[in-house]
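1. how does the following fold in three dimensions:
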Amino acid sequence: DAVLNLTDYDQHSNTMFLQFRGLQIKTLQHVEAVEQGVENAILSVKSPDNRVHIVVDYQNTYISPDVKQAYWDMTKDLESKYYLSATRFHVSSFGRGTGVAASLPGH
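-> Residues are numbered from 1 along each chain as shown. Down below sits the predicted model:
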């Protein structure tokens, strides 16, 4: 699972770190892969009530305008199910294309 490799969990603080730096999200399949990967990562750590604090690094992340709304809807769904809190970095970088530092399956 490509997204699972972009996660790290600190049990002491019950915090999951998502290293989405440079990630390119261009299709609905990419959105679905992120959703499944984050959900699998959270469920795999067996946190209390399957809820964790989330810290996401979005530096140099690109989300295609075609899937931006689907991506944000997906993150709201994950947040309501699994997040105790969410901290996001470099949200202003959305919409700008950069070199691919990370990629999802099929790309």
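2. what does the longest helix along the chain contact?
-> Determined from DSSP state H, the single longest helix within the chain is helix 28-44. Here helix 28-44 makes contact (CB atoms under 8 Å, 6 or more residues apart in numbering) with 1-4, 6-7, 9, 16, 18, 23-25, 50, 52, 67, 70-71, 74, 77-78, 81-82, 104-107. Backbone N, C-alpha and C define where each C-beta goes, glycine included.
3. ramachandran coordinates for Asn5?
-> Main-chain torsions, Asn5, degrees, to the nearest 10: phi -70, psi -10.
4. buried ones in the longest helix of the chain?
-> Using 16 or more other CB atoms under 10 Å as the test for burial, helix 28-44 gives His30, Val31, Ala33, Val34, Glu35, Gly37, Val38, Glu39, Ala41, Ile42.
5. dump the residues you listed to TSV, plus pLDDT and distance to Tyr58.
-> TSV is the format used below for these (pLDDT from 0 to 100; distance: CB to CB, whole Å):
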residue	pLDDT	distance to Tyr58
His30	96	14
Val31	97	14
Ala33	95	16
Val34	96	12
Glu35	96	16
Gly37	95	15
Val38	96	13
Glu39	95	18
Ala41	95	17
Ile42	95	18
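6. just the closest of those residues to Ala86, please.
-> Val38 (11.3 Å; CB to CB).
7. His53 and Asn60, how far apart?
-> Separation of His53 from Asn60 (CB to CB, to the nearest Å): 23 Å.
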